[in-house]
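> Any chance you could fold what I've pasted below:
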Amino acid sequence: MSKRDYYEVLGVQRNASEADLKKAFRRLAMKYHPDRNGGADAETKFKEAKEAYDVLSDAKKRSAYDQFGHAGVEGAPGGFGGAGDFGGAGSFSDIFGDVFGDIFGGRAGGGGRRAQRGVDLRYDLSLTLEEAVNGKDVSIRIPTQVDCQFCGGSGAKPGTKPKTCPTCGGVGQVRMQQGFFSIQQTCPECRGTGHVIEEPCSHCRGQGRVQEEKTLSVKIPAGVDTGDRIRLAGEGDRGELGGPPGDLYVQVQVQPHPIFTREDSNLYCQVPIGFVAAALGGELEVPTLDGKVMLKIPAGTQTGKMFRVRGKGVKPVRGGPVGDLICKVVIETPVNLTERQQELLRDFEESVREGGSRHNPQSHSWLDGVKSFFEKMGL
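The predicted structure follows:
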């Protein structure tokens, strides 16, 4: 027998919100759950409602169902059994707690507030390229929560103490009767702490904590790069109710460098040279992060030529060989020439032209290609 449309089962429109789905399923669960209603018919109707709610309350499953119907969700992980499979339904109080606990501010069957781990914090650290490559020790100042010195962390006005919550008797939980069953939930008066503060501390406003700044020393290992994180365990926000503190993550951001750029373990730089030096060759002094080296430029060097200086890059922070320095030659054309200089260049150009393709092989090769192209085009 074909299954009914899930929206029809729950009695909601296809654009129903999550709250509408919860409300509809709650109504059907209270009407048909086997713990309350005997008989195979009630069991079947409850299972049908639960199956519909489990699909429509899951965003991914609902999307698949809206596109492909029942075929889009059958057999998927977390799917449903056959008509006789009711072992996963759970008790009525379990179903109620899973779906409707938030209506009452807590989960059915749950306890009072438990110790909670503090949240993790992030600190953005800006480094120069030299600092990132060589490593260094830095001091950072971060905000932190500490116990209020005036109330000793109790949150109560000095000279007073928190009192046992009159609503829950200090256990942090209350039991609420809902018709024929009851649920246990976090006490709304003390929010699970088991005590109330009648006269809050004026310094911390009853929170028991105040914000201060603390200074930490951070060892930056050599070779870090943008995006690397350094974890400082236990230096995050403090926990609640005795819970452990979170961690602090120092996020590295390397500043742009005026000469070098970095790619993994290699450094790159552009080296401008005059066309005379490129034509005649020679030696050129280039910088590195730990000094300078002499770079040999062979005669006839063209712009864009790459020269590798081994071992003058970066040693990766996670191990491996030191990278290289890659120098890219950029030939600079002279500007602002005097009449005498222009005259000399014209004489030079004339002498070069007399040599034909011997001096400018690339230009002549290109011109020959253009000539052949024009001939084929009939131009």
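
> Do a quick rundown of the helices in this structure.
Taking DSSP state H as the criterion, the chain carries its helices at 6-10, 18-32, 40-56, 59-68, 92-100, 129-134, 275-280, 339-354, 361-377.

> from memory Ala42 sits against Tyr32, does it?
Yes - the criterion here is Cβ atoms under 8 Å, and Ala42 meets it with Tyr32 at 4.6 Å. C-beta: built from backbone N, CA, C; applies to glycine.

> Going by neighbour count, list what's buried in stretch 227-241.
228, 230, 232, 235-240 (16 or more other Cβ atoms under 10 Å).

> Give me the residues contacting that stretch.
The contact list for stretch 227-241, computed with Cβ atoms under 8 Å, 6 or more residues apart in numbering, reads 113-121, 142, 144-146, 193, 209, 216, 218, 220-221, 224, 244-252, 317.

> Just the buried residues out of these, in ChimeraX syntax.
Command for ChimeraX that selects the buried part of those, burial taken from 16+ other Cβ under 10 Å:
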select :113,118,121,142,144,145,193,209,218,220,224,245,246,247,248,249,250,252,317
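
> Of the contacts of stretch 227-241, which belong to strands?
121, 142, 144-146, 209, 216, 218, 220, 248-252 (DSSP state E).

> could you dump the residues you listed to CSV with pLDDT?
What follows is these, written out as CSV (pLDDT from 0 to 100):
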residue, pLDDT
Leu121, 87
Ile142, 87
Thr144, 80
Gln145, 77
Val146, 81
Arg209, 80
Leu216, 92
Val218, 93
Ile220, 94
Leu248, 91
Tyr249, 92
Val250, 93
Gln251, 93
Val252, 94
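
> which among those residues gets closest to Cys187?
Arg209 (21.5 Å; Cβ to Cβ).

> Any figure for the gap between that closest one and Leu56?
42 Å (Cβ to Cβ, to the nearest Å).

> Break the protein into its domains for me.
For the chain, the TED database gives the domain ranges 1-70, 121-150+207-254, 260-332, 339-377.

> Mind putting those into CSV with distance to Thr160?
As requested, the domains of the chain are arranged in CSV below (distance: least, Cβ to Cβ, whole Å):
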stretch, distance to Thr160
domain 1-70, 42
domain 121-150+207-254, 12
domain 260-332, 53
domain 339-377, 90
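
> Which single one of the ones in strands among the contacts of stretch 227-241 is nearest to Glu198?
Out of the ones in strands among the contacts of stretch 227-241, the member with the shortest distance to Glu198 (by Cβ to Cβ) is Arg209, at 19.1 Å.

> what sits against the residue lying closest to the closest one once chain neighbours are set aside?
Sequence neighbours aside, Gln145 is the residue nearest to Arg209 in space, at 4.5 Å (criterion: Cβ to Cβ, 6 or more residues apart in numbering). Taking Cβ under 8 Å, 6+ apart as the criterion, Gln145 is in contact with 209-212, 237-238.

> go on, Asp147?
153, 208-209.

> Burial check on Ala132, number of neighbours?
27 (other Cβ atoms under 10 Å).

> Pro321 versus that one, what's the distance?
18 Å.

> Per-residue pLDDT of the most centrally placed residue in the chain, please?
What sits nearest the mean C-alpha location of the chain, by Cα atoms, centre = their mean, is Gly227, with 10.4 Å. If you check Gly227, the pLDDT there is 91.
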